[in-house]
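Asker: quick one: sequence plus predicted model below, questions after.
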Amino acid sequence: MAVPVDIMDVLPMEICMEIALKMDASTLCYMSQTCKSWNNAIGNTEWLWRLLCLKLIDDQMYVQKDRLQGFSWKVRLSVHIYMNYGYNAIKRHWLDGTYSNINSYHDLPTKCMCPMDLETWGQVLELELCR
C-alpha cells in the first residue's frame, strides 16, 4: 500500500508557491487549513496574501487602514471575501425571486438588503415583471 506523500515536503518551496499563486483566495484559505505544513507554507506567507489583496480588492485605502491597525494581509482578504459572499448571496436571492411573494416590508427577512447598482435593480425589476 502506498504511503501518502505531502506535496509540500516533496516539491521545492518555489514550485509550491507558484502553484499557490494559481489558486483563488478561498481555495488558499482551505489549503492553509489542511495541515500544519500547508499552514506554514501558505497560511503564514504574507507576501502571497499581499499579492492577492492588491489584485482582488479595489479600494486599497481600506486595506492600508486595516494594515495600520495590525491586521495581516490574510485576515484583510478573508474579511473581503466574507463581505462579498454576503453581498452576492443577497443579490442572487433578489434575482432568483426569493423575495417575490413578500406582501409588506415587515415580511422581509432581516438580511435581504445590500447596496446594489442601478443595473442590478433594473434586472430585479425586469425579472419581477416577468414573474
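Answerer: Okay, I see it. Numbers count the residues shown, from 1 in each chain.
Asker: mind listing what N39 touches?
Answerer: S32, Q33 (Cβ atoms under 8 Å, 6 or more residues apart in numbering). Bear in mind the C-beta positions are built from the backbone N, C-alpha and C, glycine included.
Asker: which stretch of helix or strand covers the most centrally placed residue in the chain?
Answerer: The C-alpha lying nearest the average C-alpha coordinate of the chain belongs to I81 (Cα atoms, centre = their mean; 2.4 Å). For I81, the host element (DSSP states H and E) is helix 73-96.
Asker: for L56, give its distance to K91.
Answerer: 18 Å (Cβ to Cβ, to the nearest Å).
Asker: out of these two, which sits in the busier spot?
Answerer: Ranked by neighbour count (other Cβ atoms under 10 Å), L56 and K91 place K91 first, with 17 against 14.
Asker: what sits closest to W73 if chain neighbours are left out?
Answerer: W49 (3.6 Å; Cβ to Cβ, 6 or more residues apart in numbering).
Asker: C114: what's its closest spatial neighbour, skipping adjacent residues?
Answerer: Leaving aside its sequence neighbours, C114 sits nearest to I90 (Cβ to Cβ, 6+ apart; 4.6 Å).
Asker: report the rounded mean pLDDT for the helix or strand hosting the residue nearest to W73.
Answerer: Assessed by DSSP H and E, W49 sits inside helix 46-56. For helix 46-56, the mean per-residue pLDDT is 84.
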